[in-house]
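Q: Sharing a sequence plus its predicted fold:
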Amino acid sequence: MDLEVVTVGTELLLGFTLDSNAAEVSQAMASIGAVVTRRATVGDDRAAIRAAVADGLNRTGFVIVTGGLGPTRDDVTKHAVADVFDAPLDLDASYLEKLERRFEQLRRGPMPESNRTQALVPRGGTMLRNPKGTAPGLWLESDRGTAVMLPGVPHEMRWLLEHEVVPRCRERDQTRQGSVTRSRTLRTTGIAESKLAVEIAALEERIAPVTLAYLPTLLGVDLRLTAWQLDSDAADDALERAVQLLRPVLGVNTYGEGAVDLAAVILDSLRRAGIRIAVAESCTGGLVGARITDVPGASDRFAGGVISYDNESKTRDLDVAESLLDEVGAVSEPVAQAMADGVCRRFRTEVGIAVTGIAGPEGGTEEKPVGTVCFGVRLPSGCRTLTRWFPGGRSEVRARAAQAALDAVRRALDGE
């Protein structure tokens, strides 16, 4: 089955909101063998929505629309799609009653009159239950084709996609049942995309029919492996074979699969070793600690941290010698080592990570330009230090530095 996706929202066109819904719809459809052939984004304009849906139906006969199903005046998706199908909107009295009860249960007072529009259904359409919000999904099918309308709120859209849309599409398209498109993602960090491409170039033909895509981010390069239009077992086998071919070449540069976070990988390593960690941060201002504490259950391995932004704090809170700061400067490997040592003593941990650098936009010199960051990793076996330079503005340098700090700990724990 081929289909098109239309995402609705002026905020998407203006760039204030990232269009994650389109990506999730594409992934969900691929998982059942459906192919998204085109994606379009339009503003909250009835004519624009009508044109996008009509064009999609003309090309594929099946369109999924997200967004524009709320109670406000700019939510006009339902009206536009009803125009395409020449289907008048009818009030569903039973759903209206459910809406009113929902507002009473949530103690929000009487339901606003504007919410009545969410109980309107294009004639011939089917409501898709939405326990996550007040806007139901809608399934409209006729000789004109099939249009599925989903709310734009991501968690609502995601629930409807998984529990209502995917099962219906799977049942509807029996001729290709069992044919799937599946992906696996290997996460890498600490290696440039260009170098990564050189390292694994010889393998790209060997992993066929699986395809490989490079997805660079601030935190590293993800490798997306995709098996296209195979039966379920064949897709899984092909992906596993590709992963087994790539892992030895990637070596320590890869730290996991899928959405795994580097901080979670480190915490698992610390648990296996039975040791704890503390952090000392200057230029990252708490980002490393935040990454670690974002992982549920981090408290069993993470003791705490110190944000020592100025030299006085480095001396007072981490016992960094003033003479050392005067001699080599705050952004230096000796100071990073002293900070790591100091934070371990303060929190009585076996592992410490320290970050000190120049995030910019000012403060750089010819010898230490903006983007220079020094790291210290204290382990029971000793302290390791390194210096990296990161491109980008202040926020990019800080994000890259936090990732590099975590990566330095991971590599040190792995014995690199």
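A: Right, received. Where do you want to start?

Q: Now Leu140: closest residue in space, sequence neighbours ignored.
A: Gly125 (4.1 Å; CB to CB, 6 or more residues apart in numbering). Quick note: C-beta positions are derived from backbone N, CA and C, even for glycine.

Q: Would you map the helices across the stretch 201-350 of the chain?
A: In the stretch 201-350 of the chain, the helices defined using DSSP state H, counting those that start in this stretch lie at 232-250, 262-273, 287-293, 311-318, 322-328, 333-347.

Q: Gly190 is nearest to which of those?
A: Gly190 lies closest to helix 262-273 among the helices of the stretch 201-350 of the chain, at 10.0 Å (CB to CB).

Q: which helices and strands does that closest one pack with?
A: Here helix 262-273 touches strand 254-257, helix 287-293, helix 394-413, going by 3 or more CB pairs under 8 Å, 6 or more residues apart in numbering; DSSP states H and E.

Q: okay if I get those as a markdown table plus distance to Arg102 and mean neighbour count?
A: As requested, the helices and strands packed on helix 262-273 are exported to a markdown table (distance: least, CB to CB, whole Å; neighbours: other CB atoms under 10 Å):
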| stretch | distance to Arg102 | mean neighbour count |
| --- | --- | --- |
| strand 254-257 | 40 | 19 |
| helix 287-293 | 35 | 22 |
| helix 394-413 | 40 | 22 |
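
Q: Against the centre of the protein, work out the most remote residue.
A: Ser323 (44.3 Å; CA atoms, centre = their mean).

Q: do you know how far that residue is from Ser308?
A: Distance, Ser323 to Ser308, by CB to CB, to the nearest Å: 17 Å.

Q: Same check on Ala147?
A: 58 Å.

Q: Is it possible to get TSV of the helices of the stretch 201-350 of the chain that adds mean pLDDT and distance to Gly382?
A: Below are the helices of the stretch 201-350 of the chain laid out as TSV (pLDDT from 0 to 100; distance: least, CB to CB, whole Å):
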stretch	mean pLDDT	distance to Gly382
helix 232-250	95	27
helix 262-273	98	15
helix 287-293	98	21
helix 311-318	98	18
helix 322-328	97	18
helix 333-347	98	10
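
Q: Now tabulate those in JSON lines and tack on distance to Arg182.
A: Converted to JSON lines, the helices of the stretch 201-350 of the chain look like this (distance: least, CB to CB, whole Å):
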{"stretch": "helix 232-250", "distance to Arg182": "5"}
{"stretch": "helix 262-273", "distance to Arg182": "23"}
{"stretch": "helix 287-293", "distance to Arg182": "29"}
{"stretch": "helix 311-318", "distance to Arg182": "48"}
{"stretch": "helix 322-328", "distance to Arg182": "52"}
{"stretch": "helix 333-347", "distance to Arg182": "42"}
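
Q: Count the residues that sit near the nearest residue to Pro88 once chain neighbours are set aside.
A: Leaving aside its sequence neighbours, Pro88 sits nearest to Arg123 (CB to CB, 6+ apart; 5.3 Å). Look at Arg123: counted by other CB atoms under 10 Å, it has 13 neighbours.
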